[in-house]
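K.L.:
Quick check, what structure comes out for this input:
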Amino acid sequence: MSLPTLHTRNLTLRPLKPAHGQDLFAFFKDAESMRFMPTLPHQQPSDSVRSTATELGLGAQYWALIPRGHDLPTVPEAVIGYAGYLGGTRVPGMGYLLRREFWNRGLITEALHAALDFGFDQLKHERVELWINEHNVASRRVAEKLGFRPKGRIHQRYPHESSHHIMMVYGLRAVEWPSTRDPAKMVRPQVIGLQPVLAVDDVGESARYYRDILGFHIDFLYGDPPVHAGVAFGDWSAESVQIQFTQAPAGDGGAFAGWLYIMVEAEIDVLFQRLKDGGAQVIRAPETYPWGMREFSVRDCNGFELRYGTHAFSSGPE
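P.N.:
I've put the predicted structure just below:
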């Protein structure tokens with residue numbers, strides 16, 4: 001979907017173009033502004049034009065921010081920043097930047113509010129993430145002001161850094177946003193992480209089975225044909241159930257058919273029906289047990305048992 005021009009109290013938001021990188025150089029050359037960015041400050045305007053073109057080429061949907069409030073500083077360049085949606089991410093993520101002389105005026109909050117309205121209403125995003133350096137207090141305040149809440153932490157290292165830093169993952173669902181709020185659908189999902197490495201006869205087939213039948217997504221496939229893979233189950237980029245497959249040695253006699261416990265916070269009977277309808281081999285239908293859990297089990301294509309469980313007081317019927 002092509003982006004329309006949006007208007008807020010102090011800003012005009014127009015679809016970002018590569019040529020806007022000329023104006024954005026005022027931001028990209030400033031070391032203080034670039035403190036939490038994944039690259040070092042730009043040396044010349046062409047660096048900013050190229051960087052902007054690369055982001056848009058990856059599918060980013062950004063608006064250029066143009067000041068129109070009477071009490072804002074006057075600058076020769078028209079564009080003072082951008083805001084919008086990243087390209088190439090599994091969960092829709094937001095990115096933004098703003099020239100330093102316009103900080104502390106609420107402009108990014110204003111721009112992101114308009115972008116979220118459009119994202120939830122028109123782009124039909126079900127949820128949106130923000131990844132923020134744990135030391136970037138100002139951006140964390142912006143996220144919380146808009147209703148984002150912490151969903152997890154990721155250790156990340158940029159090419160120019162000597163050590164890892166921690167990115168806070170903030171999340172916001174459409175059902176929590178004022179214009180699309182639906183109290184009946186509001187949930188607070190939580191999945192307990194688990195990441196065993198399972199030896200299987202066919203790594204690619206196993207990854208596809210988990211994707212197509214059991215509802216996981218594939219995080220990575222290594223090798224051609226694949227000899228190692230990772231799959232995950234969960235809504236956010238952090239705190240999800242993660243399983244790895246590795247190629248079993250020849251003559252191993254097959255993988256041990258153990259079982260894995262996946263703790264979910266959801267309508268477990270609805271989840272069971274979805275997996276069953278998708279072709280999963282059922283071992284045990286949902287049942288409430290004396291230890292206060294409602295559980296069901298399915299068997300995957302390698303003979304491993306997956307048992308899903310949730311607290312009985314928040315689960316489905318007996």
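
K.L.:
just checking, next helix/strand downstream of the host helix or strand of Ala229?
P.N.:
Using DSSP states H and E, Ala229 falls within strand 228-233. Using DSSP H and E, the helix or strand that follows strand 228-233 towards the C-terminus is strand 241-247.

K.L.:
what packs against that next one?
P.N.:
If you count contacts as 3 or more CB pairs under 8 Å, 6 or more residues apart in numbering; DSSP states H and E, strand 241-247 packs onto strand 197-200, helix 203-212, strand 228-233. All C-beta spots, glycine's among them, are computed from the backbone N, C-alpha and C.

K.L.:
Skip the chain neighbours and tell me the closest residue to Ile243.
P.N.:
Distances taken as CB to CB, 6 or more residues apart in numbering put Val231 closest to Ile243, at 5.4 Å, once the chain neighbours are dropped.

K.L.:
contacting residues around that neighbour?
P.N.:
By CB atoms under 8 Å, 6 or more residues apart in numbering, Val231 lies in contact with Ala207, Tyr210, Arg211, Phe216, His217, Ile218, Asp219, Gln242, Ile243, Gln244, Phe245.

K.L.:
could you give the angle of the strand holding Ala229 to strand 241-247?
P.N.:
Calculated by axes from the mean of the first three to the mean of the last three CA atoms, to 10 degrees, strand 228-233 forms an angle of 160 degrees with strand 241-247.

K.L.:
For strand 228-233, buried residues please.
P.N.:
Ala229, Gly230, Val231, Ala232, Phe233 (16 or more other CB atoms under 10 Å).

K.L.:
Neighbouring strands - and their directions - for it?
P.N.:
Strand 228-233 sits in its sheet next to strand 217-222 (antiparallel), strand 241-247 (antiparallel), going by DSSP bridges.

K.L.:
what does the shortest one contact?
P.N.:
Among residues not part of strand 217-222, those counted as contacts by CB under 8 Å, 6+ apart are 90, 203-204, 207-208, 210-211, 228-233, 242.

K.L.:
Now the strand holding Ala229 - C-alpha only, PDB.
P.N.:
Extracted in PDB, the C-alpha atoms of strand 228-233 (Å, rounded to 0.1, in the frame of the first residue of the first chain):
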ATOM      1  CA  HIS A 228      20.800 -27.400  11.200                       C
ATOM      2  CA  ALA A 229      17.600 -25.300  11.700                       C
ATOM      3  CA  GLY A 230      15.800 -23.300  14.300                       C
ATOM      4  CA  VAL A 231      12.000 -22.900  14.700                       C
ATOM      5  CA  ALA A 232      10.100 -20.800  17.300                       C
ATOM      6  CA  PHE A 233       6.600 -20.500  18.600                       C
END
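
K.L.:
For that strand, give the mean pLDDT please.
P.N.:
The pLDDT scores in strand 228-233 average 87.

K.L.:
How far does that strand sit from its chain's centre?
P.N.:
Relative to its chain's centre, strand 228-233 lies at 16 Å (CA atoms, centre = their mean, to the nearest Å).

K.L.:
so what does the helix ranked longest in the chain touch, helix or strand wise?
P.N.:
Counting residues, the longest helix found in the chain (DSSP state H) is helix 107-121. For helix 107-121, the packing partners by 3+ CB pairs under 8 Å, 6+ apart come out as strand 6-7, strand 11-15, strand 61-67, strand 81-85, strand 94-98, strand 127-133, helix 137-145.

K.L.:
circling back: tabulate the strands paired with strand 228-233 (a markdown table), appending mean pLDDT and distance to Gly59.
P.N.:
Compiled in a markdown table, these are given as follows (pLDDT from 0 to 100; distance: least, CB to CB, whole Å):
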| stretch | mean pLDDT | distance to Gly59 |
| --- | --- | --- |
| strand 217-222 | 90 | 18 |
| strand 241-247 | 83 | 25 |
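
K.L.:
ranking those strands by burial, who's on top?
P.N.:
strand 241-247 (a mean of 21; mean count of other CB atoms under 10 Å).

K.L.:
could you point out which element follows that strand?
P.N.:
Later in the chain than strand 241-247, the nearest helix or strand by DSSP H and E is strand 259-263.

K.L.:
What strands flank that next one, and is each parallel or antiparallel?
P.N.:
strand 305-311 (parallel).

K.L.:
What ranges in the stretch 1-150 of the chain fall below the confidence cut-off?
P.N.:
Filtered on pLDDT under 70, the stretch 1-150 of the chain yields the residue ranges 1, 69-70, 74-77.
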